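Visitor: what follows is a predicted protein model with its sequence.
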2 protein chains.
Amino acid sequence: MNGFLGTYSVNMDEKGRLNVPSKFKAIMERLYDPNLVVAVMDNFLIAFPQKEWQVNEEKLNSLSGLDREDRQKMREFYSQASECELKSGKLLVPQFQREIAGLSKEVVLVGMSKTFEIWAGDRWNKS
Amino acid sequence: MNGFLGTYSVNMDEKGRLNVPSKFKAIMERLYDPNLVVAVMDNFLIAFPQKEWQVNEEKLNSLSGLDREDRQKMREFYSQASECELKSGKLLVPQFQREIAGLSKEVVLVGMSKTFEIWAGDRWNKS
DNA sequence: AGCATAGTGTCTTAATGTGTCACAAAGTGT
DNA sequence: ACACTTTGTGACACATTAAGACACTATGCT
């Protein structure tokens, strides 16, 4: 089976949870790990399955911990990330990320093979 | 045996499923894999058997998941693709792809050796 | 402790997706 | 031309999934 593919439009509930499409859930189950790391990228979110996140983390670790710009990049990335478990097939997006990504009700999930993106419906349609 | 060849006209049912011609099915069976990845190309669809798709995926994986432009390229490609299993000899085309490709009832399947294309009947006839 | 807020599990309904069957059409061999 | 086989169509019943509602739990605050 392949990675995350396709574009899905889902509705977030009042508590900030969204139903992950069954195709995406199937991939998560195949990884035997319901944990995702959700990070902020510009004005949308990226969801990494745990394992993929680790790959990324290694890439970022190759940046210098002493260079000021590198540290700034790392700081932006790590400080805005959060770990989210998939519970009862639903993903709770933390409030601060919902605000950054402008998520209200209509949300678009976009498969990107190893990861998937979470967009506010209106921003996605404009881009 | 050769790859996908010829042009077939088939009818989609109300749920968006189409019967794959038996010649095409035979090729899929020879690959021991009922999985297809369907991607959007302009105003029609391309169906890749799993193995063929992986060739594409490897090319895209060399792109950086953090670079903005690379992500944009990946997004165009992945967001419009979907994995479809051949079930009971039938292929369900996801709604969003049916809309993009303008598929209603009359659909034309066109063999292209390693892959095959899926066209709306009227667009095919005009082109 | 009591309250407010944030997070979680579960249920119902509606929509979507799936399997199966019977019949019709097309193709094949004699 | 005929019977036989294979293939495609459409119908139907059934299964799965997503949306939304609601009640319950956990947490932090005063």
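Guide: Received it, and whenever you're ready, just let me know what you need.
Visitor: tell me the strands beside the strand or helix carrying residue A:45, with direction?
Guide: Take DSSP states H and E as the rule and residue A:45 turns out to sit in strand A:44-49. Here strand A:44-49 is paired, per DSSP bridges, with strand A:35-41 (antiparallel), strand A:115-120 (antiparallel).
Visitor: which of those strands is buried the deepest?
Guide: Comparing the strands paired with strand A:44-49 by mean neighbour count (mean count of other CB atoms under 10 Å in any protein chain shown), strand A:115-120 ranks first with a mean of 24. Backbone N, C-alpha and C define where each C-beta goes, glycine included.
Visitor: what's across from the most centrally placed residue in chain A in the sheet?
Guide: In chain A, the C-alpha nearest the mean C-alpha coordinate belongs to residue A:47, at 2.0 Å (CA atoms, centre = their mean). Beta-bridge pairing for residue A:47 (DSSP bridges): residue A:38, residue A:116.
Visitor: roughly how far apart are it and DNA strand D?
Guide: Look at residue A:47 and DNA strand D: by CB to the nearest atom of the strand, to the nearest Å, they are 15 Å apart.
Visitor: number of nearby residues for residue A:123?
Guide: Residues near residue A:123, counting by other CB atoms under 10 Å in any protein chain shown, number 15.
Visitor: how about residue A:107?
Guide: Residues lying near residue A:107 (other CB under 10 Å) number 24.
Visitor: do a quick rundown of the helices in chain A.
Guide: Counting by DSSP state H, chain A has helices at residues A:22-30, A:50-61, A:68-79, A:95-101, A:121-126.
Visitor: residue furthest from the geometric center of chain A?
Guide: Within chain A, the residue lying farthest from the chain centre (CA atoms, centre = their mean) is residue A:66, at 27.8 Å.
Visitor: give me phi/psi at it?
Guide: Main-chain torsions, residue A:66, degrees, to the nearest 10: phi -110, psi -20.
Visitor: next, work out how far apart it and residue A:79 are.
Guide: Noted for residue A:66: a distance of 18 Å to residue A:79, by CB to CB, to the nearest Å.
Visitor: ditto for residue A:73
Guide: Distance from residue A:73 to residue A:79, by CB to CB: 11 Å.
Visitor: could you report the neighbour count for residue A:50?
Guide: The tally of other residues near residue A:50 (other CB under 10 Å) stands at 16.
Visitor: let me see the contact set for it.
Guide: Residues in contact with residue A:50, defined by CB atoms under 8 Å, 6 or more residues apart in numbering or on different chains, are A:31, A:33, A:35, A:36, A:37.
Visitor: report pLDDT for it.
Guide: Among the per-residue scores, residue A:50 holds a pLDDT of 92.
Visitor: swap in residue A:1?
Guide: Predicted confidence (pLDDT) for residue A:1: 66.
Visitor: ok, now the one 10 residues further on?
Guide: According to the prediction, residue A:11 has pLDDT 94.
Visitor: and the end-to-end length of stretch A:2-11?
Guide: End-to-end distance of stretch A:2-11: 25 Å, with CA to CA, to the nearest Å as the criterion.
Visitor: is it anywhere near DNA strand D?
Guide: Yes. Counting by CB under 7 Å from any atom of the strand, DNA strand D is contacted by stretch A:2-11 at A:9, A:10, A:11.
Visitor: which of these are buried?
Guide: Among the residues of stretch A:2-11 next to DNA strand D, those classed as buried by 16 or more other CB atoms under 10 Å in any protein chain shown are residue A:10.
Visitor: quick one: name the residues of chain A near DNA strand C.
Guide: Contact residues (CB under 7 Å from any atom of the strand) of chain A with DNA strand C: A:15, A:16, A:17, A:85, A:87, A:88, A:90, A:92, A:94, A:95.
Visitor: from residue A:24, how far off is the third one?
Guide: Using CB to CB, one gets 15 Å for the distance from residue A:17 to residue A:24.
Visitor: rewinding a little: quick one: contacts for the residue nearest to the centre of chain A?
Guide: A:36, A:37, A:38, A:84, A:91, A:115, A:116, A:117, A:118.
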